[in-house]
Every structure is written in structure tokens, then in C-alpha cells.
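*Asks:* Build me a structure from this.
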Amino acid sequence: HFVESGGGLVQPGGSLKLSCKASGFTFGGYSVGWFRQAPGKGPEGVSCINTRDGKTYYADSVKGRFTISMDNAKNTANLQMDALEPEDTAVYYCAFRASRFHERMCRNADLDYRGQGTQVTVSS
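*Replies:* Residues are numbered from 1 along each chain as shown. Next comes the predicted model:
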């Protein structure tokens, strides 16, 4: 399963770093991603990464502000979120897909496993 951490309340323009540690299996070689869901909206693939070659995908709404990374030694996926906006408010969760097609994972929300999620609130 996944253990997510790092959510919370932050002012507009602030930063947060989310982490997702997997236990019971390894991410290695497949796709890992971060998704979010705001109240009344469907899930959105924020960023996904191919853990084999490090190629990344970002939704247009977060390009230039969010950065996804892997710590393979710790079996952990991270999402650094900078220049946060009120529109970024949502429950964020990490997910895994036993596939190397990380962009498809994000665009289509193709998931094999996902975490419980952590709340991110951007408000003054």
C-alpha cells in the first residue's frame, strides 16, 4: 500500500512537497503518478513519471510549477509544488500503473493501485 504525506494549508504563492512511500512492492520499471480531485470535479492526472527512463508528463495547469521525482532507494515518489494557486486545492493521491506508458496513465487515469490521498488547501 501507499503512505502519502505532506499535504496541508498554504497561502497562494507558497510551496508544499508531497511524498508517497510504497510498501509491499517496488515502483521500479513502471509508471507512478500524482492525481488530484477537487469537490464536484473528476480526477485529474497532475504528473506522471516512467520510473525506468525518468520521462515525465505534466498537466498544462501545473507545468513550470510542479516537479515529480523518484527516490528509488526509498521506494518513494515526490511531488514538489511551487507557486501554488487556490485552483490547486484538492485531494492529491499517488498511483501506480504496471505499464511504461506514463503519459497515458495521466491522461486517462489508468491506475492499478492508488493511495488514500492527502488534502492540499491553498487559501489566504
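*Asks:* The spatially most central residue of the chain in helix, strand or coil?
*Replies:* Geometric centre of the chain, nearest residue: W34, 1.9 Å, by C-alpha atoms, centre = their mean. Three-state assignment for W34 (DSSP: H, G, I helix; E, B strand; the rest coil): strand.
*Asks:* So it versus V62, what's the distance?
*Replies:* Distance, W34 to V62, by C-beta to C-beta, to the nearest Å: 9 Å. For every residue, glycine as well, the C-beta is placed using N, CA and C.
*Asks:* so who does the residue nearest to the centre of the chain touch?
*Replies:* Going by C-beta atoms under 8 Å, 6 or more residues apart in numbering, W34 touches 18, 20, 45-48, 68, 77, 79, 92-95.
*Asks:* need the helices for the protein, in chain order.
*Replies:* 102-108 (DSSP state H).
*Asks:* Run through it and note the low-pLDDT ranges.
*Replies:* Low-confidence segments of the chain, defined by pLDDT under 70, are absent.
*Asks:* mind listing the strands for it?
*Replies:* 2-5, 8-10, 16-22, 31-37, 44-50, 56-58, 66-71, 76-81, 90-97, 113-114, 118-122 (DSSP state E).
*Asks:* Throw those strands into CSV and include distance to R104, thanks.
*Replies:* Formatted as CSV, the strands of the chain follow (distance: least, C-beta to C-beta, whole Å):
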stretch, distance to R104
strand 2-5, 21
strand 8-10, 31
strand 16-22, 20
strand 31-37, 8
strand 44-50, 9
strand 56-58, 9
strand 66-71, 16
strand 76-81, 18
strand 90-97, 8
strand 113-114, 16
strand 118-122, 25
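*Asks:* Which among those is found nearest to R107?
*Replies:* Among these, the nearest to R107 by C-beta to C-beta is strand 44-50 (6.1 Å).
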